[in-house]
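Chemist: Provided below are the primary sequence and the corresponding predicted coordinates.
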Amino acid sequence: MTERSRTTGGAQGGRLLLAAGVFTLVNNYLPGSGHLDLAVLNTVGLVAAALGLICLRVPWERLPQRAPLAMTPVAFGLISLSNLYGGVSAFSYAVYFVVVFVWVGIAQPPGTSWWLLPPAAGAYLLPFLVSDAPPPYAISSVTVALPVCVLVGEVLSRTVSRLEQSQRALHHRVERVERLAQIAAALGADLDVGLVQQRLCDGAVELFEADGAVIVHRGLDGPLVLAGSGRAPAPGDALPTTALTVPTGSPVPVAASTLGLGTGSAVLAGLRPEPEPVVLCLLVGDRPLGREDVDLLRLLATQGAAALANAATHSVVVAQRQHEQAVVDVLADGVLVLDSRGLVLSCNDEAAALLGGDRTAMVGTAAPVVLGADGVAVHSQVGARWIETVATRLEEAEERVVTMRDISRQRALDEAKDLFLATTSHELRTPLTAIKGYVHVLQRRWEVLDDPTRLSALATIAERTEALVSLTNHLLLGARAGASRHSAARVPFDLKVAVAAAAAAYTSVSERHEVRCDVVPEPVQALGDPTNVAHIVGQLVENAVKYSPLGGTVEVRVKRDAQYAVVEVADEGIGLPPGEGLSLFAPFFQAGDTNTREFGGVGLGLYIVRQLVEAQGGTVFARNRGDVGAVIGFTVPLAVEPPAPRNGDESPAQERKRSR
């Protein structure tokens, strides 16, 4: 009997006692009750009512299950007193007894009514046994009334017991269905195949109170355990059997020994059909599964199969996305994926670097680039960069894929080329105009011109022609340097002598400039091309003179620095533009206002210097010289001098001479 039935039975008994007490009190004062012993009957009624109230307050759930039966002797005793002193009729007795046995049948387990038969008979017959004139129908009444009461109580007790069992079974079914729903929800919430398999095994063991559960995959190499719970092999173990069947409908019972899973019974439920089936094997031991268990297992297998299929599909999609993202991440171009509102769904590292943002922080924000029609390249400036974007629409996904590339260098080169063409045209047009003019003069007025005038015109033509040749050689050298076709010999030589000779050739290059050479006294053995060094020094001196329009001193210095020799050319000119120290060595770069052409030239001199220096393993540098002027220089690797021979040792040259 459940706790609720014990509590309900005790409360019902209390209500019956309360009702009997109230009925007795009321019956004492009805018409025709003058012959009754009112004092005794009022006492009986009050005692019954008081006991009924007490029973309503008793915590029956804390007492033994048959504790409410203690009220039956009290009830029988009150009935006896009422009969003895009140003259209650046999009909009333039968009603009272029926009420008591109905309560017993409802509140107590089957068989209790038979135990109450002797005290009920005694309570009925006792008043007649002590009476001087017992009624003649006493024995016949008890033989008829009491069996009927017992039968009524037993029928009710057995009926109530069956109802309770049905309720418990129904409650158990509801709990199992609710647990099945919870397991199905947990399986559907996971998208990892291994986790879904493990949760399916754990849920099956819990739901069916089984010894264990195993998920088995039958592959080409035989059955392999994917997951297990309880008494089950470890994942990755192979089952020593080839008799693994794949149920296509309801679960199939088999002997666990046929699967190599010990003794007892097992039930197989299919999770994935052929050609590579997956089976859930439930180890139930010696307990057979009922129809309800089979239905639940079929439902669990259906939910598990759906969850595994979803997890497998998700794994494929995730792997495909990761593969696509890996491909996108290694692209040299930036890639953005935008939704229908133009917000970023994903991007690669290159796109984040181009846009100057964080890859994670960019998701969900608007793309800071200008987009054109599909397939149309659009140029826009983002910060200091120029970016070219091309968008493509994915109709099915309502997304746009945007590819981006940094065209800042290309744009700068295009601008530099435009400037180079304009500069070169200007540089070529100036001497060509002078040559053309003097040629026309000589052609038309040769006869009338005197010899000095003719010689002066020819000298000007020769000078301008030499300038054209120099400019052409300059352009050719710049083109070869840019195409990496320039090669330099690397031989040991005295850098001090080469630099001094190159600087001496420019001592009279300008009347407003003084060229000095400041070198260390000891020889500086360098490893490089002395011809290139002479050309480099000459170009740097020309550059210093060119950008010192007011004159001044041009100082050429040579010194040692660790493993390199350093050559510097310092002037007192306009200095370097702020932040453009290394830009001087870019092709077509010119200091000053390029629109006014203040200093002339095509912007290839220092670019050629850098190429020649790097060809022999050196580096170039540039910096401002205090408040006035600039310092531009380069390094040359020092030659490694061979160690001097020790006393008694021969030098390699002496050894070769002796061997001959």
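Modeler: Structure's in. What do you need? Residues are numbered from 1 along each chain as shown.

Chemist: Could you give the number of residues near residue 207?
Modeler: 19 (other CB atoms under 10 Å). Heads up, the C-betas are built off the backbone N, CA and C, glycines and all.

Chemist: Also residue 544?
Modeler: Counted with other CB under 10 Å, residue 544 comes out at 26.

Chemist: Likewise for the one 5 residues further on?
Modeler: With neighbours defined by other CB under 10 Å, the count for residue 549 comes to 13.

Chemist: what does the model give it for pLDDT?
Modeler: Looking at residue 549, its pLDDT reads 85.

Chemist: Let's verify it: helix, strand, or coil?
Modeler: coil (DSSP: H, G, I helix; E, B strand; the rest coil).

Chemist: Quick check: phi and psi at it.
Modeler: phi -60, psi -20 (degrees, to the nearest 10).

Chemist: Hmm, residue 25 and residue 45 touching each other?
Modeler: Yes. With contact defined as CB atoms under 8 Å, residue 45 reaches residue 25; the gap is 3.9 Å.

Chemist: neighbour count winner among these two?
Modeler: The residue with more neighbours, out of residue 45 and residue 25, is residue 45; 22 against 17, by other CB under 10 Å.

Chemist: give me the element the more buried one is part of.
Modeler: Element membership for residue 45 (DSSP states H and E) is helix 38-57.

Chemist: Show me which residues of that helix are buried.
Modeler: Neighbour counts using 16 or more other CB atoms under 10 Å place 38, 41-42, 44-45, 47-49, 51-52, 55 of helix 38-57 among the buried residues.

Chemist: for that helix, packing partners?
Modeler: Using 3 or more CB pairs under 8 Å, 6 or more residues apart in numbering; DSSP states H and E, the elements in contact with helix 38-57 are helix 3-27, helix 71-86.

Chemist: In the stretch 401-550 of the chain, mark out all the strands, start to finish.
Modeler: Assigned by DSSP state E, counting those that start in this stretch, the stretch 401-550 of the chain shows strands spanning 491-494, 513-519, 525-528.

Chemist: what pairs with the first one, and is each one parallel or antiparallel?
Modeler: Sheet neighbours of strand 491-494, with direction, are listed as strand 525-528 (antiparallel) (DSSP bridges).

Chemist: One more: the second one?
Modeler: Strand 513-519 has its sheet partners listed here by DSSP bridges as strand 552-561 (parallel).

Chemist: CA atoms of the partner strand as PDB?
Modeler: Output in PDB follows, covering the C-alpha atoms of strand 552-561 (Å, rounded to 0.1, in the frame of the first residue of the first chain):
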ATOM      1  CA  GLY A 552      78.600  73.800 -49.600                       C
ATOM      2  CA  THR A 553      80.800  70.900 -48.700                       C
ATOM      3  CA  VAL A 554      80.300  67.300 -49.900                       C
ATOM      4  CA  GLU A 555      82.200  65.000 -47.600                       C
ATOM      5  CA  VAL A 556      83.000  61.400 -48.600                       C
ATOM      6  CA  ARG A 557      83.900  59.200 -45.600                       C
ATOM      7  CA  VAL A 558      85.100  55.600 -45.300                       C
ATOM      8  CA  LYS A 559      85.200  53.600 -42.000                       C
ATOM      9  CA  ARG A 560      85.000  50.100 -40.600                       C
ATOM     10  CA  ASP A 561      82.000  48.700 -38.800                       C
END
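
Chemist: need the next SSE after it, C-terminal direction.
Modeler: strand 564-570.

Chemist: now the angle from that next one to strand 552-561?
Modeler: Going by axes from the mean of the first three to the mean of the last three CA atoms, to 10 degrees, strand 564-570 is angled at 170 degrees with respect to strand 552-561.

Chemist: how distant is the helix or strand just after strand 564-570 from the center of its chain?
Modeler: Of the helices and strands lying after strand 564-570 in sequence (DSSP H and E), the nearest is helix 605-615. Chain-centre distance of helix 605-615: 50 Å, with CA atoms, centre = their mean, to the nearest Å.

Chemist: quick one on the thing from earlier: possible to save the buried residues of helix 38-57 as TSV with distance to residue 618?
Modeler: Shown next, in TSV, are the buried residues of helix 38-57 (distance: CB to CB, whole Å):
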residue	distance to residue 618
38	136
41	133
42	131
44	129
45	127
47	124
48	122
49	121
51	118
52	116
55	112
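
Chemist: Which one of those is nearest to residue 398?
Modeler: Nearest to residue 398 out of those is residue 55 (CB to CB; 73.8 Å).

Chemist: per-residue pLDDT, that closest one?
Modeler: Residue 55 is given a pLDDT of 75.

Chemist: Who's the closest spatial neighbour of it, skipping the chain neighbours?
Modeler: Nearest residue to residue 55, sequence neighbours excluded (CB to CB, 6 or more residues apart in numbering): residue 14, at 2.8 Å.

Chemist: pretty sure the one you found contacts residue 49?
Modeler: No. If you go by CB under 8 Å, residue 14 and residue 49 don't touch, sitting 10.2 Å apart.

Chemist: check contacts around the residue lying closest to residue 435 once chain neighbours are set aside.
Modeler: Using CB to CB, 6+ apart and skipping the chain neighbours, the partner closest in space to residue 435 is residue 464 (4.9 Å). Going by CB atoms under 8 Å, 6 or more residues apart in numbering, residue 464 touches 431-432, 434-435.

Chemist: Let me have those residues in JSON lines, adding pLDDT, distance to residue 314 and neighbour count as columns.
Modeler: JSON lines is the format used below for the contacts of residue 464 (pLDDT from 0 to 100; distance: CB to CB, whole Å; neighbours: other CB atoms under 10 Å):
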{"residue": "431", "pLDDT": "74", "distance to residue 314": "75", "neighbour count": "20"}
{"residue": "432", "pLDDT": "79", "distance to residue 314": "74", "neighbour count": "14"}
{"residue": "434", "pLDDT": "76", "distance to residue 314": "80", "neighbour count": "17"}
{"residue": "435", "pLDDT": "82", "distance to residue 314": "79", "neighbour count": "19"}
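
Chemist: Now for these: which two are most distant?
Modeler: 432 and 434 (7.4 Å).

Chemist: In terms of secondary structure, what does the longest helix along the chain contact?
Modeler: Assignment by DSSP state H gives helix 138-189 as the longest helix of the chain. In terms of contacts (3+ CB pairs under 8 Å, 6+ apart), helix 138-189 is packed against helix 90-107, helix 112-115, helix 117-130, helix 193-208, helix 291-329.
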